[in-house]
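here is the input, now give the coordinates:
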Amino acid sequence: MALWKEITTPAPTGHSSSPSPPIDRPPLEPIPAAPPPAARRAREPVDGGDSMIAANITIEGKIEGSGNVRIAGRFKGDVRIDGNFNIEPGAHLTGQVLAGVVVVGGELQGNIESAKRVDVLDGGVIVGDVKAGSITVAAGSRMRGHVEFGWGDEKPPKLDSGR
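Residues are numbered from 1 along each chain as shown. Okay, here's the model as predicted:
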């Protein structure tokens, strides 16, 4: 059975009334089969790119994993990543942050725990506690909370009240 309709053309002007033979056409190429679902899901991870929440997005949940994450929109939830975390200017995060390097250009309402470094950019706002190896605070930024830096994993020494 043919997959196409055979078209016959009338005979050239002459005395013959029989139809012309069918037009020879090359056979159709077969369509390759789709890979099985497991092969479609098994993709190589993309390395070197940042995961990003765009400026016009609002998400509630949690972020966990490795790699770098940038937020330009609004996020409510905790962030725990083995990588760098960047809150872009104009972005808003409500939740706890645990990441290697944290850059705050927008607003964070929550604590930053055990970061190697925290950079608060001009216009950045932190309402919460910060514990980091080092901290850089730019003029024009604001913060309300308790800050510990330079201690690493050590506990700060207890002050003797002298009594």
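
from E64, how far off is the residue lying closest to S66 once chain neighbours are set aside?
Excluding the flanking residues, the one nearest S66 by CB to CB, 6 or more residues apart in numbering is D82, at 4.1 Å. Quick note: C-beta positions are derived from backbone N, CA and C, even for glycine. Separation of D82 from E64 (CB to CB, to the nearest Å): 9 Å.

which pLDDT value belongs to the residue nearest to V101 when sequence neighbours are not counted?
Distance criterion CB to CB, 6+ apart; nearest residue to V101, sequence neighbours excluded, is N84 at 4.4 Å. You'll see N84 listed with a pLDDT of 96.

ok, now which ones touch N84?
Neighbour list for N84: 68-69, 99-103 [criterion: CB atoms under 8 Å, 6 or more residues apart in numbering].

relative to I53, which of these is nearest.
V69 (7.9 Å; CB to CB).

surely that closest one touches D82?
No - contact criterion CB atoms under 8 Å: V69 and D82 do not qualify, at 10.6 Å.

now do the shared contacts for those two.
A99.

more neighbours, those two?
When neighbours are counted by other CB atoms under 10 Å, V69 and D82 differ, and V69 comes out ahead with 21 against 12.

how much space between that one and V79?
7 Å.

got it, and I87?
Between I87 and V79 the distance is 10 Å, computed by CB to CB.

more crowded one of these two?
Set side by side, I87 and V79 show more neighbours around I87, with 28 against 23, by other CB under 10 Å.

please tell me how far the residue nearest to the more buried one when sequence neighbours are not counted sits from D122.
With sequence-adjacent residues excluded and distances taken as CB to CB, 6+ apart, I87 is closest to G106, at 4.4 Å. Using CB to CB, we find G106 at a distance of 12 Å from D122.

got it, and N56?
In terms of CB to CB, N56 sits 23 Å off from D122.

looking at those two, which is more packed in?
Just comparing N56 and D122: by other CB under 10 Å the higher neighbour count belongs to D122, 11 against 8.

follow-up on the earlier one: just the buried ones from the contacts of N84?
Listed as buried from the contacts of N84 are 68-69, 99-103; burial here means 16 or more other CB atoms under 10 Å.
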